[in-house]
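Participant: here you go, sequence then predicted model.
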2 protein chains.
Amino acid sequence: MARIVQKFGGTSLATLDRIRAAAQRVKAEVALGSEVAVVVSAMAGTTNDLVEKCSALSPLHDAREYDTVVSAGEQVSSGLLALALQEIGVSARSWLGWQVALRTDDAHGKARILSIDTAELERRLANREVAVLAGFQGIAPNQRITTLGRGGSDTTAVALAAALGADRCDIHTDVDGVYTCDPRIVRQARKLSKITYEEMLEMASLGAKVLQTRSVEMAMKHRVPLRVLSSFEDLPGTLVVDEDEIVEQEVVSGIAYSRDEAKITLIGVADRPGIAATIFGPLADANVNVDMIVQNISEDGATTDVTFTVGKADQQRAVDLLRDLEPQLRYAQLRPDPDVVKISVIGVGMRSHAGVAQRMFAALSENGINIQVISTSEIKISVLVAERYLELAVRALHTAYGLDGD
Amino acid sequence: MARIVQKFGGTSLATLDRIRAAAQRVKAEVALGSEVAVVVSAMAGTTNDLVEKCSALSPLHDAREYDTVVSAGEQVSSGLLALALQEIGVSARSWLGWQVALRTDDAHGKARILSIDTAELERRLANREVAVLAGFQGIAPNQRITTLGRGGSDTTAVALAAALGADRCDIHTDVDGVYTCDPRIVRQARKLSKITYEEMLEMASLGAKVLQTRSVEMAMKHRVPLRVLSSFEDLPGTLVVDEDEIVEQEVVSGIAYSRDEAKITLIGVADRPGIAATIFGPLADANVNVDMIVQNISEDGATTDVTFTVGKADQQRAVDLLRDLEPQLRYAQLRPDPDVVKISVIGVGMRSHAGVAQRMFAALSENGINIQVISTSEIKISVLVAERYLELAVRALHTAYGLDGD
C-alpha cells in the first residue's frame, strides 16, 4: 500500500469549486488504496492581502505578529479542504502546524523545520483518515506560530513526505510539469517525464518557478520522489527523482534563463594580489549576492578588468558601494549594465559527454550572439548575453541540443 | 493602578485606519498608567465570509473544521492590532486562544469557557506589555480550536476581565452606549450613564443588540463592571454595574421591543387537567421556545382558549405540530398571527414602586392600543400588541415614564 503526500498550491485552491476539485483528486488517490496526507497553501490572493495589511500597519513589522497574521490563510484552506473531503465521503481532518506539531527554529518569517511528530498522523492514516496539514507554518520553541518563507508549503510537503517515509510527494500546481524550456518562448518545448533533483535545482534557481529550491534540496537529501503535475488537467506530470532512476539520460535536459541579472564592470583596476577580496569582501558584507565573475588581464599588464553579475535589485547598492571604494580600488571606470540575461544549458548527462559547451558556443556564434561572461558547473553551462538576444538564443540552443518537440 | 480589559468589535476594526484608531485608544488607556488587556473580534465581514465558505462546501459541516476556519478571523485582527500598537510605541503581543490557554469544553461552534491561564499574561501586564487576545476562540480538551458562538468576543472579554480581576471591561462598539429606547424610533431617547446588570439582561434579551446576554450574565456573576462605549467618538458611554452602585435609581430605565414574535391562539380547547402539558410538551420536545402564555376560561366553562407566543422562525413548525395534535387537543380553531410585537418596560426600581404597570396600561389605552397578552417579571412588564402600533406605543410609554430627553 502506497503512502502519498499531495500538495495543493494557492491557484489550485483559489475558489470553492477548485477546493472541491482538489478534494476529488484526493479521493481518487484514496480510492487506489493509498494512505494520503495533504498539504495546502492559502487560497490564491489571501497571503498577499495579509502581507500587505501587515506592511501597511507596520513597515518594519515584528515577524512574530506577521507570522500570526499570515499563517491564518493556510489555517482557513486546511479546514475548508477537510470539509470538502468529508462532504464527498472521505474521512479527513485538518492539522495546524502547532497541532501536529511541526517544530521549527525561531527565525520568524523564514523559519526552518526541525522536526515533525508523525505518530498520531500515522495512526490516523492507518485508520483511513486523510490528514490535511496547513502548509507554510510551524511552531517555534517559544510556542508562537512561525512561517517558512517563500515556497514554504512545498517545503512543508516534502518535509512531511520525508517524515512519513512517503512513496511519493505530488505537487499540484498551475503548470502540468517541468518543460525543456519556457513554452512561452519556445513553442516546441517538451514536457519532461523525468528529471533529476540536481537538474531541477538548477532549473528552480534559474527562475523556472515550478518548485522552490529549498523543497527540491530537501527532497534530494531525503530521497523523496517528487511529482509536479497540474491540478486542472488529468496528466501524468514530471517526476523528479534520483539520477540512477533515469534509464535513458539525455545529455541536456533543458534550457533555462534568468532576467534577474545585472552586469557590473570595473575597468583598469590595479592588478595586485588581494584585489578580488577588496572588491567582493565589502559586497558580501552588504549582503549583495555575486553570481558570475570574470577577470581579464589587461594589455599593459599593470591593470585588470573585472566583470561580475548581481541580482537586478542589488545593482544600485553594489554601484554605490563600489563608488565609495574608489580610493582603495583606483579603477579607471565603473560600467553598470542591467540589460543582460543569463542563459543556461542544464543536464546531468554533460558530466560524461564532451563537446557540450562547444555546441553551445557554436549555436550562439552562428546566430551572431556575443557571449559576455561564461560560468560552468558540473551539470550546467551559463552564459551572459545582451537581453535583446534572449528569445533568439534560447530557441537556437533548444534546437541545437535536439530538444524540440513536434 | 487600574487593570482594564478593552474589547473592540468587528466594526471598530473594519479597516486598517480603524485598527490604528483602536490602537490609539489602547495607548490612551496605557498612558493613564493602566495595565491593559485587549480582546478583538474579527474585522467586520470576515466571519460571515468564512461561515459562508464552510456552509457552501458542507451544509451540515463538521463543527471542528468550522471552528478551525472561522477562528482565523480573530487570529488576523489580534496580530494586526499588536502591530499597530507596536508602531505607535506601545509594547504589545497577540495571544491566540490556545496560546493563553483559554480552555473550553468540546461543544464546537458554541463552546463554553472553562478556565483561562492568566499567570503569564499577568507577568507581562506588570511588565507594561499589552496583551491582545483573539476573541471568540479557545482550545478544547482534544487540543482543537473551539469558537464560542454568537457574541463570543464579548464573552471572551468579560471572562478575561473576571479572570484578571480587572477593574473594568470596556466594550467598544458602533453605538455610544445604552439608550432608554431605540433612538431610531424615539427621537427623545436618552443615553443612560448607568444601568444595572439585570436591566441590561432584559434589554439584551429583548433585542437591544448592544451586548450579548451571555456576556452580561457572566459580568453579573463575577461582578465585572462593564462599560459600553463608541470606538468612533470620545464619549463616556454607559456603565453596567451592580444595583447598589446606582444611587438615584429611576423606576423605569428603558423601553424595549421585539419584532421577533408570533402569536398562536387555540380556541375552544377542551378544558381538562393536563391540557397545558399536552400542548406545550410536544413544542418543547421540538425545541420550539414558548415565551408568553395566557389561558382564558371560556363562557361555557367546558372549553378554554390558549394564546402563546413563539419566535417568528418557529411559527410554522409550531402550527404544523399543533395540527398534528388536533385529535388529542380537539380544539375548535387554530389562529396564527405573526403581526404582533412585544413591548417591555424595564426597571429594577419597579420592585419597590406600585402603579408601574397601571401607568403602562393607561398610556396604551389613552392611545387606543389594545393589549393582547401581558407578562411580568420582577423588573419588567411586557405586553403584546398589534405590530402597527409599535412606534406609537413605544413613544407613548417613553413619555409616560418621563424618559424623554430634550
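Facilitator: Ah, there it is. Every value quoted in this text rests on a predicted model; they were computed, and no experiment measured them.
Participant: out of everything not next to it in sequence, what's closest to residue A:151?
Facilitator: Residue nearest to residue A:151 in three dimensions, not counting chain neighbours: residue A:212, with 2.7 Å by CB to CB, 6 or more residues apart in numbering or on different chains. Every residue, glycine included, has its C-beta placed from N, CA and C.
Participant: what's the distance between the one you found and residue A:9?
Facilitator: Counting by CB to CB, to the nearest Å, the gap from residue A:212 to residue A:9 is 11 Å.
Participant: same thing with residue A:165?
Facilitator: Residue A:165 sits 24 Å away from residue A:9, going by CB to CB.
Participant: looking at the two, which is more packed in?
Facilitator: The residue with more neighbours, out of residue A:165 and residue A:9, is residue A:9; 23 against 11, by other CB atoms under 10 Å in any protein chain shown.
Participant: what about residue A:323, neighbour count?
Facilitator: Residue A:323 has 10 neighbours, counted by other CB under 10 Å.
Participant: where does it sit: helix, strand or coil?
Facilitator: Secondary structure assignment for residue A:323 (DSSP: H, G, I helix; E, B strand; the rest coil): helix.
Participant: check the gap between it and chain B for me.
Facilitator: Residue A:323 sits 34 Å away from chain B, going by CB to the nearest CB, to the nearest Å.
Participant: in contact with that residue, which residues?
Facilitator: Counting by CB atoms under 8 Å, 6 or more residues apart in numbering or on different chains, residue A:323 touches residue A:334.
Participant: now residue A:169: which helix or strand?
Facilitator: Using DSSP states H and E, residue A:169 sits in strand A:168-173.
Participant: which parts of chain A are helices?
Facilitator: Using DSSP state H, the helices of chain A run over A:16-31, A:46-57, A:63-70, A:72-87, A:97-100, A:119-126, A:152-164, A:197-205, A:213-222, A:275-285, A:315-324, A:326-329, A:356-366, A:390-400.
Participant: those: which one's closest to residue B:136?
Facilitator: Nearest to residue B:136, of all the helices of chain A, is helix A:72-87, at 13.6 Å by CB to CB.
Participant: okay, the angle between that closest one and helix A:152-164?
Facilitator: 60 degrees (axes from the mean of the first three to the mean of the last three CA atoms, to 10 degrees).
Participant: so what secondary structure elements neighbour helix A:72-87?
Facilitator: helix A:16-31, strand A:35-40, helix A:46-57, strand A:92-95, strand A:130-134, helix B:46-57, helix B:63-70, helix B:72-87 (3 or more CB pairs under 8 Å, 6 or more residues apart in numbering or on different chains; DSSP states H and E).
Participant: columns mean neighbour count and mean pLDDT on top of the ones you listed, output as JSON lines?
Facilitator: Below are these laid out as JSON lines (neighbours: other CB atoms under 10 Å in any protein chain shown; pLDDT from 0 to 100):
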{"stretch": "helix A:16-31", "mean neighbour count": "18", "mean pLDDT": "97"}
{"stretch": "strand A:35-40", "mean neighbour count": "29", "mean pLDDT": "98"}
{"stretch": "helix A:46-57", "mean neighbour count": "18", "mean pLDDT": "96"}
{"stretch": "strand A:92-95", "mean neighbour count": "25", "mean pLDDT": "98"}
{"stretch": "strand A:130-134", "mean neighbour count": "28", "mean pLDDT": "98"}
{"stretch": "helix B:46-57", "mean neighbour count": "18", "mean pLDDT": "96"}
{"stretch": "helix B:63-70", "mean neighbour count": "25", "mean pLDDT": "97"}
{"stretch": "helix B:72-87", "mean neighbour count": "28", "mean pLDDT": "98"}
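Participant: can I get the ones you listed in JSON lines including distance to residue A:381?
Facilitator: Output for these, formatted as JSON lines (distance: least, CB to CB, whole Å):
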{"stretch": "helix A:16-31", "distance to residue A:381": "38"}
{"stretch": "strand A:35-40", "distance to residue A:381": "35"}
{"stretch": "helix A:46-57", "distance to residue A:381": "36"}
{"stretch": "strand A:92-95", "distance to residue A:381": "44"}
{"stretch": "strand A:130-134", "distance to residue A:381": "39"}
{"stretch": "helix B:46-57", "distance to residue A:381": "49"}
{"stretch": "helix B:63-70", "distance to residue A:381": "49"}
{"stretch": "helix B:72-87", "distance to residue A:381": "47"}
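Participant: and residue A:222, which of those is closest to it?
Facilitator: Among the helices and strands packed on helix A:72-87, strand A:35-40 comes nearest to residue A:222, with 15.1 Å by CB to CB.
Participant: parallel or antiparallel, which strands does the closest one pair with?
Facilitator: strand A:3-8 (parallel), strand A:130-134 (parallel) (DSSP bridges).
Participant: with distance to residue A:115 added, can I get those strands in JSON lines?
Facilitator: As requested, the strands paired with strand A:35-40 are arranged in JSON lines below (distance: least, CB to CB, whole Å):
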{"stretch": "strand A:3-8", "distance to residue A:115": "17"}
{"stretch": "strand A:130-134", "distance to residue A:115": "14"}
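Participant: list the residues that contact the residue nearest to residue A:151.
Facilitator: Per CB under 8 Å, 6+ apart, neighbours of residue A:212: A:150-151, A:154-155, A:204.
Participant: most neighbours of all those residues, which one?
Facilitator: residue A:154 (31 neighbours).
Participant: once you drop chain neighbours, what's closest to that one?
Facilitator: Nearest non-adjacent residue to residue A:154 (CB to CB, 6+ apart): residue A:215, at 3.7 Å.
Participant: give me the contact list for stretch A:117-128.
Facilitator: A:3, A:30, A:35-37, A:91, A:93, A:95, A:100-103, A:131, A:160, A:163-164.
Participant: run the last query once more with 10 Å
Facilitator: The contact list for stretch A:117-128, computed with CB atoms under 10 Å, 6 or more residues apart in numbering or on different chains, reads A:1, A:3, A:30, A:33-37, A:90-93, A:95, A:99-103, A:129-131, A:133, A:160, A:163-166, B:143.
Participant: can you say which of the helices of chain A is nearest to residue A:348?
Facilitator: When the helices of chain A are compared by CB to CB, helix A:197-205 sits nearest residue A:348, at 5.7 Å.
Participant: before we move on, the earlier item: the residue nearest to residue A:154: how many residues sit nearby?
Facilitator: Here the number of neighbours of residue A:215 (other CB under 10 Å) works out to 28.
Participant: now do residue A:235
Facilitator: By other CB under 10 Å, 11 other residues sit near residue A:235.
Participant: ok, the nearest residue to it once chain neighbours are set aside - contacts?
Facilitator: Closest residue in space to residue A:235, ignoring its immediate chain neighbours: residue A:176 at 4.9 Å, by CB to CB, 6+ apart. The neighbours of residue A:176, taking CB under 10 Å, 6+ apart as the test, are A:191, A:228-238.
Participant: one more time with 8 Å, if that's ok
Facilitator: Shown in contact with residue A:176 (CB under 8 Å, 6+ apart): A:191, A:229-230, A:233, A:235, A:237.
Participant: those in strands, which ones?
Facilitator: Judged by DSSP state E, the contacts of residue A:176 include A:229-230 as members of strands.
Participant: of the contacts of residue A:176, buried ones?
Facilitator: Neighbour-count burial (16 or more other CB atoms under 10 Å in any protein chain shown) is assigned, among the contacts of residue A:176, to A:191, A:229-230, A:237.
Participant: want to throw those residues into a markdown table with pLDDT?
Facilitator: Shown next, in a markdown table, are the buried ones among the contacts of residue A:176 (pLDDT from 0 to 100):
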| residue | pLDDT |
| --- | --- |
| A:191 | 91 |
| A:229 | 93 |
| A:230 | 91 |
| A:237 | 92 |
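Participant: residue A:383: which of these is nearest?
Facilitator: Nearest to residue A:383 among those, with distances taken as CB to CB, is residue A:191, at 25.2 Å.
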